[in-house]
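Participant: Sequence and predicted structure below; questions after.
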Amino acid sequence: MRREKRNSSLRILLVIAAISVLLFQRFHVYAFFHNGIFSFRNDTVPQTQEPLSDIFLGKIRATAKTSFSSVTADTFSTIDDLRATLASDEYMHVSDAQHNDSPRTPEENRNVVIKDVYVFGIKREDDNDYHLILGSKPETYVFQNYMTAEISGLPSTSSSSYTTLKTVRDIFKTQMGVAVSKELVYYATFKNPPIHLTYIGGSLFFDNHHYGQHSRVEEYQVCSSWEIHPVTTITFAKQQ
């Protein structure tokens, strides 16, 4: 009896194998027999992929992160020059920036522009922000103070900041190409030099949620929780 069952099972498997070969040769269809169910799969049918969302998905201080100040921008030649004008991280940590729903604080109510700056790393965040690590010196693997800038995810289309933020995001995505779909979009190496920006600007923001953690992309780590967030203007220099 057991031998007959084994022979019967073997015949079924041989039939399935023969059918599978014929289907694959003719239609590129795979046949499966599992738990008494006979099923098929056609691997030539392309799998649809959801397009990447541009909508901001964050919850903490969402309004401040997706809006910007209306004051005149101050322009700086280096990150160090800008940092010299900022309140300390320790002070900001206990300021109104500590609240998850706080609007932009008086210390953050500034627009800034940094000229001739370099991008050393870019990472796509879960909230759909693009996280940029900026440095003033073009050399890789040298000590310098890095700073974060965020290409913000987009607010509602009814927001007064939507058009500006979408324009910046579109410029950034066009420049970076297909790499924007990756979590690690870019980082500088000896063979892959940092990306030169003629200038980048936006409103200041203190990322109190990550106070003391000093965000990084690969080996490039910032030394403060101050950011340009959101970026409202960006111009890529002509790459060599």
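Facilitator: Everything's here; your move.

Participant: mind listing the strands for this protein?
Facilitator: Ranges of strands within the chain are 29-34, 37-42, 73-76, 111-124, 130-135, 147-151, 184-187, 195-206, 216-217, 220-221, 226-236, based on DSSP state E.

Participant: Could you check the angle the fifth one makes with strand 111-124?
Facilitator: Think strand 130-135. Comparing the axes of strand 130-135 and strand 111-124 via axes from the mean of the first three to the mean of the last three CA atoms, to 10 degrees yields an angle of 120 degrees.

Participant: Show me what strand 130-135 is packed against.
Facilitator: strand 111-124, strand 147-151, strand 195-206, strand 216-217, strand 220-221 (3 or more CB pairs under 8 Å, 6 or more residues apart in numbering; DSSP states H and E). (C-beta placed from N, C-alpha, C; glycine too.)

Participant: The nearest residue to His93 once chain neighbours are set aside and Ser95, how far apart?
Facilitator: Take His93 and drop its neighbours on the chain: the residue closest to it by CB to CB, 6 or more residues apart in numbering is Tyr211, 5.0 Å away. Distance of Tyr211 to Ser95, given as CB to CB, to the nearest Å: 11 Å.

Participant: Can you check which residues contact both of these two?
Facilitator: Taking CB atoms under 8 Å, 6 or more residues apart in numbering as the contact criterion, Tyr211 and Ser95 have no common neighbours.

Participant: The residue nearest to His93 against Tyr91, yeah?
Facilitator: No. Under the criterion of CB atoms under 8 Å, Tyr211 is not in contact with Tyr91, lying 11.3 Å apart.

Participant: Tell me the bridge partners for the most centrally placed residue in the chain.
Facilitator: Residue closest to the average C-alpha location in the chain (CA atoms, centre = their mean): Arg124, at 1.1 Å. Listed beta-bridge partners, Arg124: Tyr130 (assigned using DSSP bridges).

Participant: Tell me who's in contact with it.
Facilitator: Tyr130, His131, Val180, Ser181, Lys182, Glu183, Val185.

Participant: So between Tyr211 and Tyr91, which is more surrounded?
Facilitator: Using other CB atoms under 10 Å as the criterion, Tyr211 and Tyr91 rank with Tyr211 on top: 17 against 12.

Participant: In this structure, where is pLDDT below threshold?
Facilitator: 1-50, 240 (pLDDT under 70).

Participant: at 80 instead, please
Facilitator: For the chain, the stretches with pLDDT under 80 are 1-51, 239-240.

Participant: before we move on, the earlier item: dump the residue contacts of the residue nearest to His93.
Facilitator: Applying CB under 8 Å, 6+ apart, we find Tyr211 in contact with Asp89, Met92, His93, Ser225.

Participant: hang on, the earlier thing: drop anything exposed from the contacts of Arg124.
Facilitator: Buried subset of those (neighbour count, 16 or more other CB atoms under 10 Å): Tyr130, His131, Val180, Val185.

Participant: The last one and Ile133 touch, don't they?
Facilitator: No. Counting by CB under 8 Å, Val185 stays clear of Ile133, with 11.1 Å between them.

Participant: Find the residues that touch each one of those two.
Facilitator: Ile122.

Participant: residues near Pro51, how many?
Facilitator: Neighbours of Pro51 using other CB under 10 Å come to 7.

Participant: nope, Ser77 is what I was after
Facilitator: Neighbour number of Ser77 under other CB under 10 Å is 12.

Participant: so how far is Val113 from it?
Facilitator: Counting by CB to CB, the gap from Ser77 to Val113 is 10 Å.
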